[in-house]
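S.K.: Show me the folded form of this:
(one chain, ligands or ions: 2)
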Amino acid sequence: MTSPKKPAASRRRKKPFAASRQLFARLRDLLASDAGGLPEIAALVAGEMGSQVCSIYVVRPGETLELAATFGLKPESVGRTRLRVGEGIVGMAAASGEALNLPDAQNHPGFAYRAETGEEQFASMLAVPVRRAGRILGVLTVQDREPRLYGRLETESVGIVAMLLAEIMERHGAEDVAPESLGDSLPRQFTGRVLAPGIARGRILPFGLNAAPSQLLAEDSKIELSKLDKAISKADRELDQLIAAGLPGGQAPREVLDAYRLVSQGTGWLGRVREAINDGLTAVAAVDQVGRELRARMRRIPDAYLRERLADIEDMVGRLLAALGAGTPKPARADGLLLLVRRLGPADLLDWHARGIAGIAIEEASATGHAAILARALGVAALAVERGALDAAEEGDEALLDAEGATLILRPSQDVLDVYDRALTARSERQASLAAYRDRPSVTRDGTAVTLMLNVGLALELDQLDATGAEGIGLYRTEIAALAAGGIPDVAGQAAEYSRVLDRAAGRRVQFRTLDLGADKLLPGEAESAVENPAMGWRSLRVGLDRPAILRRQLRALLLGAQGRKLCVMFPMVATVAEFRAARDLLDAEAARVRPAPESLHVGAMIEVPSLLFQLPGLLAEADFVSLGTNDLMQFLFAADRGTPALADRYDLLSAPVLELIEGIARACLEEEVGFSVCGEAAGKPLDALVLASLGVTALSMSGNSILRVKALLAEADLNVLRPVLREMRRAGAAGGSLREPLTAWAREHNLPV
Ligand code: PEP
Ligand code: MG
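M.R.: Residues are numbered from 1 along each chain as shown. Ligands and ions are numbered 1, 2, ... in the order given. The predicted structure is shown next:
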């Protein structure tokens, strides 16, 4: 490799942040003097960092990154070396928008070798995206011969240089380096996962792409520290106001927001912000930079639950920047707007909801994240959309958020809009007509009564009891509140929650399920264990029986919360009758001590582990009721992970083997006079609910938005007409394939609203 003259400083390594201050000052001079050429900057960075290479790649039309300047790589590669976005380490940094810090870049599976650069002699590489207002303009790289991981301060420094570089690149010919707005006016469709069902049409509001801070270096660190403290107090006060004002009926999801406050303020990151201010940054630049770093590190955490807390930190960074007068201000009202964000925390979701947002698409979201839990509870349509949507969207673009069909359509054609508009009109008419079913009994045309109950996870969802006319709660998932709160409350706290639930149920049946935690959802203080199949690991009732203190505390809380009322308790993930017996013994032991005793105590088991199907007589002899969890039973029956989208439609509940199984359980429960219900997603799908009813299932538990649809369908259906048809379909489908298509066709022929 032939390299240009080495800057004097390249031989020794300096204390990174101190060096950076000088570097920033020189970059600022370059910026002011209009003399800022990319080659000078590359040489300056290499020199100040004490690194052998610094290169600047810029995005060119056609999603290509071109080497625009280098210090240390072969000069003839400038203007020649090109990588597609996503290709090589540089392309990966551009595609992901995240820095890559690799001690041995050449052996990284994504490495793309370009002979003309002569880079084979450099082992380590730090590649940092250069972005402005969310657009990737290029990538800044630093390379060194010896394999080394660049330190936190070094990566922070290069990150700040990249921010300045973005400004320089934009000033000196933005049209050269801006990514081509290919197809900016064409329709684009993105798929995703439904976080909270619903369909919304509106204009896109991309958000959270905070512009780079306008001033990076502070005149006086003390002033900046005091600005930071004031901003923290202000953000905290605003959160209190949000909790107090943001929810219908004043129902604050405290469990979610208190956990958010803990996570967002308790990770020690604010300490690092203070350090960065002491190192010379302004409060805004320090929050922005440390926030970016923290996000980059958290994304690499393998634990999904911890990674989900990323959105909470993002939320807090945004709030602090806003309190510091930086960041993008939210519009006062957001009616008719579709929010499109990279991540979203619970406080922000609540805030947007209060401003009237019509729907939400989140690029990095998980169905069990705080935002998803809240969106479901608030009834806001929300979609976890695949990456790229944010880059493809422009503010004000017309869009359709279909959080039922799991798609986001940007700039839809008029034809598509017309189809959705018709569907939305039909839906609102249907919803108006469905409301009439609220107070009607749930009974089929042939007179079969089917009890419809709610699945509930957060106190917020209790509103659905009256809104839907549900006959009770068939599944109260106690772990949701515990997970949202980041820990299990003490006995008094749990008892208060259960008591409130029974108050709201006002005499209707409530089946409390004991904590379904464990494996990847670790209890506080538990050591993480790297198990391969957490769903089949040490979870749920297994934890409860092995650590009886936790389970006993919960059982005591349930008995106390009942305050002498009727109490139904069911155990999840029961695999043997012996396990059920052991759990029941613990409950009986607690029940013997708690006064007042419940008016009646009913003990049940979830049927979701296939082994239990072979112990039914024994189980039914001991259980007062059972509830079939279709989500887990299907995943274990077919060895098909319930969280893997590629398997979502591969095995169907509406197939001969599963229907045979469910019919057998329903019959056995009827004979033994043991209450039987089906909970899990299938119970809330109208067609599945209809088929279950025809198999003899007389109680179904589902989420609030399914109840009226299922009730309306059942009211139209004559099970005596369906049964012989179904028998024939099952015979024809004995090989186990899905019967959904012929069943749907049959239902449509009979004008049934499936
Ligand atoms: C189920 O497995 O079907 C069920 C209802 O429980 P969960 O979805 O909470 O695992
Ligand atoms: Mg389950």
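
S.K.: Provide a list of residues in contact with the residue of the stretch 651-754 of the chain found nearest ligand 2.
M.R.: Nearest residue of the stretch 651-754 of the chain to ligand 2 (CB to the ion) works out as G680 at 7.0 Å. The C-beta positions use only the backbone N, C-alpha and C, and glycine is treated the same way. Residues counted as contacts of G680 (CB atoms under 8 Å, 6 or more residues apart in numbering) are 608, 628-634.

S.K.: Equivalent analysis for R148, please.
M.R.: So R148 contacts 103, 123-124 (CB under 8 Å, 6+ apart).

S.K.: What part of the chain, helix or strand, is modelled with the least confidence?
M.R.: Using mean pLDDT, DSSP states H and E, the weakest-scoring helix or strand in the chain turns out to be helix 174-177, at a mean of 38.

S.K.: what sits up against the helix or strand just after it?
M.R.: Using DSSP states H and E, the helix or strand that follows helix 174-177 towards the C-terminus is strand 188-196. Applying CB under 8 Å, 6+ apart, the contact partners of strand 188-196 are 360-362, 365, 367, 371-372, 375-376, 378-386, 388-389, 392, 403-404, 406-411, 645.

S.K.: Can you give me the separation between D351 and ligand 2?
M.R.: According to CB to the ion, to the nearest Å, D351 and ligand 2 sit 32 Å apart.

S.K.: returning to that earlier point: with secondary structure and distance to ligand 1 as extra columns, can I get the contacts of R148 in a markdown table?
M.R.: What follows is the contacts of R148, written out as a markdown table (DSSP: H, G, I helix; E, B strand; the rest coil; distance: CB to the nearest ligand atom, whole Å):
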| residue | secondary structure | distance to ligand 1 |
| --- | --- | --- |
| P103 | coil | 41 |
| A123 | coil | 47 |
| S124 | strand | 45 |
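
S.K.: how about I473, secondary structure?
M.R.: strand (DSSP: H, G, I helix; E, B strand; the rest coil).

S.K.: The residue in the stretch 501-650 of the chain positioned nearest to ligand 1: neighbouring residues, count only.
M.R.: Nearest to ligand 1 in the stretch 501-650 of the chain, going by CB to the nearest ligand atom, is G629, at a distance of 2.7 Å. Counted by other CB atoms under 10 Å, the residues lying close to G629 total 26.

S.K.: Quick one: name the residues of this structure near ligand 2.
M.R.: Applying CB under 5 Å from the ion, one finds that the chain approaches ligand 2 through 608, 629, 632.

S.K.: Among these, which ones are in helices?
M.R.: Using DSSP state H, the members of these that fall within helices are D632.

S.K.: Lowest pLDDT pick from the residues of the chain next to ligand 2?
M.R.: In terms of pLDDT, the weakest of the residues of the chain next to ligand 2 is D632, which scores 91.

S.K.: right, and P103 touches L149 too?
M.R.: Yes. Look at P103 against L149 with CB atoms under 8 Å: they come within range, at 4.8 Å.

S.K.: ok, now which ones touch E497?
M.R.: 459, 481, 489, 561.

S.K.: Let me know how buried the closest residue to A482 other than its chain neighbours is, in neighbour terms.
M.R.: Excluding its sequence neighbours, the residue lying closest to A482 (CB to CB, 6 or more residues apart in numbering) is I488, at 4.7 Å. A count of neighbours around I488, defined by other CB under 10 Å, yields 21.

S.K.: Is I488 in a helix, a strand, or coil?
M.R.: Applying three-state DSSP: I488 is coil.

S.K.: from now on call the first residue 799
M.R.: Renumbered: residue one is now 799, and that last one reads I1286.

S.K.: so what's it scoring on pLDDT?
M.R.: 85.

S.K.: Could you count how many residues lie near D1344?
M.R.: 11.

S.K.: can you list the domains in this protein?
M.R.: For the chain, automatic domain parsing gives the domain ranges 814-970, 986-1227, 1238-1547.

S.K.: lowest-confidence stretch among those?
M.R.: Among these, domain 986-1227 scores lowest, at a mean of 80.

S.K.: what distance separates that one from the centre of its chain?
M.R.: When distances are taken as CA atoms, centre = their mean, to the nearest Å, domain 986-1227 is centred 12 Å away from the chain's centroid.

S.K.: and what of stretch 923-942?
M.R.: Using CA atoms, centre = their mean, the offset of stretch 923-942 from its chain centre is 27 Å.

S.K.: Okay, buried residues for it please.
M.R.: 923-930, 933-942 (16 or more other CB atoms under 10 Å).

S.K.: Show me what L900 bridges to in the sheet.
M.R.: M923 (DSSP bridges).

S.K.: Quick check: it vs M923, distance?
M.R.: 5 Å (CB to CB, to the nearest Å).

S.K.: what do those two both touch?
M.R.: In contact with both L900 and M923: I887, using CB under 8 Å, 6+ apart.

S.K.: Identify each buried residue in the longest helix belonging to the chain, please.
M.R.: As assigned by DSSP H, the longest helix anywhere in the chain is helix 1019-1043. Neighbour counts over helix 1019-1043 (16+ other CB under 10 Å) mark 1019, 1022-1023, 1025-1026, 1029-1030, 1033, 1037, 1040-1041 as buried.

S.K.: do stretch 1073-1082 as well
M.R.: 1074-1075, 1077-1082.

S.K.: One more: stretch 1397-1405?
M.R.: Of the residues in stretch 1397-1405, those buried (16+ other CB under 10 Å) are 1399-1405.
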